[in-house]
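Novice: what shape does this take:
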Amino acid sequence: MGHDPRLVFAVGLLGNLVSFCCFLAPVPTFYRVCKKKTTEGFQSLPYVAALFTSMLWIFYAYIKTGEILLITINAFGCFIETVYLVIYIIYCPKKARYFTLKMIFLFNIGVIFLVILLTHVLAKERTARIELLGWICVVLSTSVFAAPLSIIKVVIRTKSVEFMPITLSLLLTVSAIMWMAYGILLRDIYVTLPNFVGVTFGTIQIVLYLIYRKNKPVKDEKVTDQKDDVTNNNDENADTSVSDGNEGANTGVDIELGEKKVEKHVLEAEKKQDQTELNKTKEAAQLRVTT
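Specialist: Sure, this is the predicted structure:
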């Protein structure tokens, strides 16, 4: 039974609209980067990967022919990811700039050229070429959709959803549903499979959000244990020092100040760790902004 072209177009158009919103999700981040003139520790790899997968899907749609809706959204993806990377390169540190340029030349030029070469050398017929390129897209896109594993790990460990960007997760899940439906209607397994993985991980995130949404943030046990050990050691030192008379009293004051410094240091470490985890989860989510 053939598919209804109007239904396929409608689903693909909805997929374009939702994916368009997902591609624009990092705009506030890069607005802040331009305003502060610093990348604030964000990594460029998610944007390099997003540009890479968008380029692959454009090539796949071009080889298959007739996939204008895949071309339109991924063409926009190539444009916006290039803008993000240009901004990043302008404001990032020298070492990060070198790494970013190296990744761009490696993946977005080297690997893309290699894929084009292999599909033309190894697959002479158009059907075989579509199959080979399709499976390459499936493998790479599936690995991208697996990025939320880091978010899921953080949520389960902390029993808190404060580091889960639920709005973006919902958008990405809806986008994956639209493109999975589009692939099913076209009987295109190469579009369907990676988006099925995306729907699965997106659903897991939503379920975790519903479970832990009312929980208060739970501190990382590793940091808490480290803090307790430091406090216990200071308590032992305090007991030893107090028994020494006046000299002990002075030492006790020093220890009290030391404890405050240690506690401040631990809190700063916790804050830094939380920010690092937040950056990673945001980057992992942004990494999924592909068809």
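Novice: and residue 52, how far is that from residue 215?
Specialist: Residue 52 sits at a distance of 37 Å from residue 215 (criterion: Cβ to Cβ, to the nearest Å). C-betas here are computed from N, CA, C, even on glycine.
Novice: check residue 192 too.
Specialist: 35 Å.
Novice: point out where the chain drops to low pLDDT.
Specialist: Filtered on pLDDT under 70, the chain yields the residue ranges 1-2, 146-148, 217-291.
Novice: can you pull out the helices in it?
Specialist: 5-23, 27-36, 45-64, 68-91, 94-103, 112-122, 126-145, 149-158, 166-186, 189-212, 221-242, 246-287 (DSSP state H).
Novice: just put those helices in a markdown table and tack on mean neighbour count.
Specialist: Shown next, in a markdown table, are the helices of the chain (neighbours: other Cβ atoms under 10 Å):
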| stretch | mean neighbour count |
| --- | --- |
| helix 5-23 | 18 |
| helix 27-36 | 13 |
| helix 45-64 | 22 |
| helix 68-91 | 19 |
| helix 94-103 | 14 |
| helix 112-122 | 13 |
| helix 126-145 | 17 |
| helix 149-158 | 17 |
| helix 166-186 | 21 |
| helix 189-212 | 19 |
| helix 221-242 | 13 |
| helix 246-287 | 15 |
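Novice: got a list of what residue 174 touches?
Specialist: In this structure, residue 174 makes contact with residue 18, judged by Cβ atoms under 8 Å, 6 or more residues apart in numbering.
Novice: got it, and residue 58?
Specialist: 70, 71, 74, 75, 78.
Novice: 6 Å - rerun?
Specialist: Residues near residue 58 by Cβ atoms under 6 Å, 6 or more residues apart in numbering: 71, 74.
Novice: so how far is residue 48 from it?
Specialist: When Cβ to Cβ is applied, the distance between residue 58 and residue 48 equals 16 Å.
Novice: ditto for residue 151
Specialist: 20 Å.
Novice: what does residue 5 give?
Specialist: 36 Å.
Novice: can you check residue 149 too?
Specialist: The separation that residue 149 has from residue 48, given Cβ to Cβ, amounts to 19 Å.
Novice: same check, this time on residue 158
Specialist: Distance check for residue 158 against residue 48: by Cβ to Cβ, it reads 28 Å.
Novice: kindly report the same for residue 97.
Specialist: From residue 97 over to residue 48 the distance is 13 Å, taken as Cβ to Cβ.
Novice: what of residue 8?
Specialist: Distance, residue 8 to residue 48, using Cβ to Cβ: 31 Å.
Novice: swap in residue 77?
Specialist: Applying Cβ to Cβ to residue 77 and residue 48 gives a distance of 13 Å.
Novice: now do residue 89
Specialist: Counting by Cβ to Cβ - residue 89 and residue 48 are separated by 11 Å.
Novice: same question for residue 23.
Specialist: When distances are taken as Cβ to Cβ, residue 23 and residue 48 turn out to be 15 Å apart.
Novice: also residue 166?
Specialist: When distance is defined by Cβ to Cβ, residue 166 is 26 Å away from residue 48.
Novice: swap in residue 63?
Specialist: Taken as Cβ to Cβ, the span from residue 63 to residue 48 is 23 Å.
Novice: same check on residue 137?
Specialist: Distance from residue 137 to residue 48, by Cβ to Cβ: 17 Å.
Novice: how about residue 128?
Specialist: In this structure, residue 128 lies at 29 Å from residue 48, with Cβ to Cβ as the measure.
Novice: residue 196 now?
Specialist: Counting by Cβ to Cβ, the gap from residue 196 to residue 48 is 25 Å.
Novice: and for residue 65?
Specialist: Computed with Cβ to Cβ, the distance linking residue 65 and residue 48 is 28 Å.
Novice: ok, residue 157 next?
Specialist: Residue 157 is 28 Å from residue 48, by Cβ to Cβ.
Novice: likewise residue 35?
Specialist: When Cβ to Cβ is applied, the distance between residue 35 and residue 48 equals 23 Å.
Novice: do the same with residue 28
Specialist: According to Cβ to Cβ, residue 28 and residue 48 sit 20 Å apart.
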